[in-house]
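# Next comes the sequence, and after it the predicted model I'd like to discuss.
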Amino acid sequence: MKIIGIAATLPSRIVSNEEVLDLIQHHSKDSFDGDLPKTLKIINKVFKKSGMESRHWLAPGERPMEMLQEAFERALSDANIKKEDIDLLIYTGVGRGFIEPANSCFIANALGLKCRNFDVLEACMGWVASMDIVNDKMKAGAARNAVVVNMEFNMIEGSHIYPKNFSLKSATELPYKFPSYMVGDALTVTILSNEDPNNFKFTFVSRPDLCNLCTIPLPCWESFCNLEKPFSLTNQIYNFNSYGYELHEEGRKEIINVLNKHEMKSMDIKYIYTHTSSPTRWEQYGQVVNITDKFYLVAHKTGN
């Protein structure tokens, strides 16, 4: 598998930490029980500790589907193929307008594609999981050219994050609401060909035991899992709830294990593209295996 075309788009509105704090204050002033100014200072302190500076959100008049169509044309030009040459599309965004049918149907329709299409839902691992699937299908001779689309526009007003997670009732909500204040909007289009079938190697670590640390529950979620408290205390319907501290603590061990497992020498690594979470945390992970200078970090400017 080979990447032959790629395009990314960030919306034009750049939102600072100060603007986020102002929004939290605005949406929490009538609901907060406790010392709101003190809580805002805590949030700002964590922003600084995490390395977060800004994030990109949609500006008035910007439409995700129009941005997608423009990015797709750029990726096609980069790949030097026609849309008719694409025989597989995977949509992998958490952000979506539909559960039924697959959101990929609407993406394919907007891009003028009639190829096989489906969604891959694996939260922040969606793009990597999609690449793994495409790689296997290409090795099996089931796809020639494929496109992976990821659209994360989760800060649209009325979404599972904004403004409801910006309305705090007390400081006790911060452990699972704080990651909402790091989120940014973006989209990517990746076009792949079946050239170089042995070009990619994937190594995964799965921790389903941590499934309750980051959730957006649907109605009747209780019927589809075996977890009770404290899961049900914080997971309101359609709300994004993420225990960022615990995720990083558990992830630290697994990330270091994966990096060590590959036994790659630092001199052989050009870049390591990380999850767009706390830059300072990733620098700490890199120090353990002496590869901090290889990380390509963008979260502090783009958001998570």
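That came through, no problem. Keep in mind it's a predicted model, so treat the numbers as computed, not measured.

# quick one: P37 from R281, how far?
Distance of P37 to R281, computed by Cβ to Cβ, to the nearest Å: 27 Å. To be clear about C-beta, it is placed using only N, CA and C from the backbone, and glycine gets the same treatment.

# The two: who's more crowded?
Between P37 and R281, counting by other Cβ atoms under 10 Å, R281 is the more crowded of the two (23 against 8).

# ok, so what distance separates that one from S31?
Going from R281 to S31 by Cβ to Cβ gives 30 Å.

# again with V120
Distance from V120 to S31, by Cβ to Cβ: 37 Å.

# Show me which of the two is the more surrounded one.
Between V120 and S31, counting by other Cβ under 10 Å, V120 is the more crowded of the two (22 against 11).

# Burial check on S193, number of neighbours?
18.

# can you give me phi and psi for it?
S193 has phi and psi values of phi -120, psi 160 when expressed as degrees, to the nearest 10.

# Do I have it right that it meets N80?
No: counting by Cβ atoms under 8 Å, N80 is not a contact partner of S193; they are 10.2 Å apart.

# what sits in contact with each of those two?
Shared contacts of S193 and N80 (Cβ atoms under 8 Å, 6 or more residues apart in numbering): I4.

# residue ranges of the helices in the stretch 201-304 of the chain, please?
For the stretch 201-304 of the chain, applying DSSP state H, counting those that start in this stretch gives helices covering 231-234, 244-261, 279-289, 299-302.

# so which of the ones you listed is the most packed in?
Among the helices of the stretch 201-304 of the chain, helix 299-302 has the highest mean neighbour count (mean count of other Cβ atoms under 10 Å), at a mean of 18.

# That helix packs against which elements?
Judged by 3 or more Cβ pairs under 8 Å, 6 or more residues apart in numbering; DSSP states H and E, helix 299-302 is in contact with strand 54-57.

# which non-adjacent residue is nearest P217?
Nearest residue to P217, sequence neighbours excluded (Cβ to Cβ, 6 or more residues apart in numbering): N235, at 4.6 Å.

# per-residue pLDDT, the one you found?
Per-residue confidence at N235 stands at 71 (pLDDT).

# got it, and K229?
At K229, pLDDT is 65.

# Also L89?
Confidence score, pLDDT, at L89: 98.

# thought it was touching C115?
Yes: judged on Cβ under 8 Å, L89 makes contact with C115 at a distance of 5.7 Å.

# Which one's more surrounded, these two?
Taking other Cβ under 10 Å, L89 and C115 do not tie; L89 has more neighbours (22 against 18).

# Quickly list what that one is bridged to.
Following DSSP bridges, L89 is listed with bridge partners N117, V147.

# so who does it touch?
With contacts taken as Cβ under 8 Å, 6+ apart, L89 has the following neighbours: 104, 107-108, 111, 113, 115-117, 146-149.

# do the same with E157
Shown in contact with E157 (Cβ under 8 Å, 6+ apart): P163.

# and it, that's in a helix?
No: counting by DSSP: H, G, I helix; E, B strand; the rest coil, one finds E157 to be coil, located in no helix.

# ok now stretch 239-248, how far from the chain's centre?
How far stretch 239-248 lies from its chain's middle: 13 Å, per Cα atoms, centre = their mean, to the nearest Å.

# who touches that stretch?
Contacts for stretch 239-248 (Cβ under 8 Å, 6+ apart): 154, 160-161, 164-165, 175-180, 182, 210, 213-217, 234-235, 277-278, 281.

# Now with 7 Å, please.
Applying Cβ atoms under 7 Å, 6 or more residues apart in numbering, the contact partners of stretch 239-248 are 160-161, 164-165, 175-176, 178-180, 213-216, 234-235, 277-278, 281.

# Kindly report the same for stretch 185-193.
Contacts to stretch 185-193, defined as Cβ under 7 Å, 6+ apart, come from residues 1-11, 56-58, 64, 67-68, 71-72, 75-76, 79, 134, 144-155, 302.

# Pull out the buried members of the residues you listed.
Among those, the ones that count as buried by 16 or more other Cβ atoms under 10 Å are 1, 3-7, 9-11, 56-58, 64, 67-68, 71-72, 75-76, 79, 134, 144-155, 302.

# Let's see which of those residues end up in strands.
3-7, 9, 56-57, 145-152 (DSSP state E).

# E254 against V205, yeah?
Yes: with contact defined as Cβ atoms under 7 Å, E254 and V205 form a contacting pair (4.6 Å).
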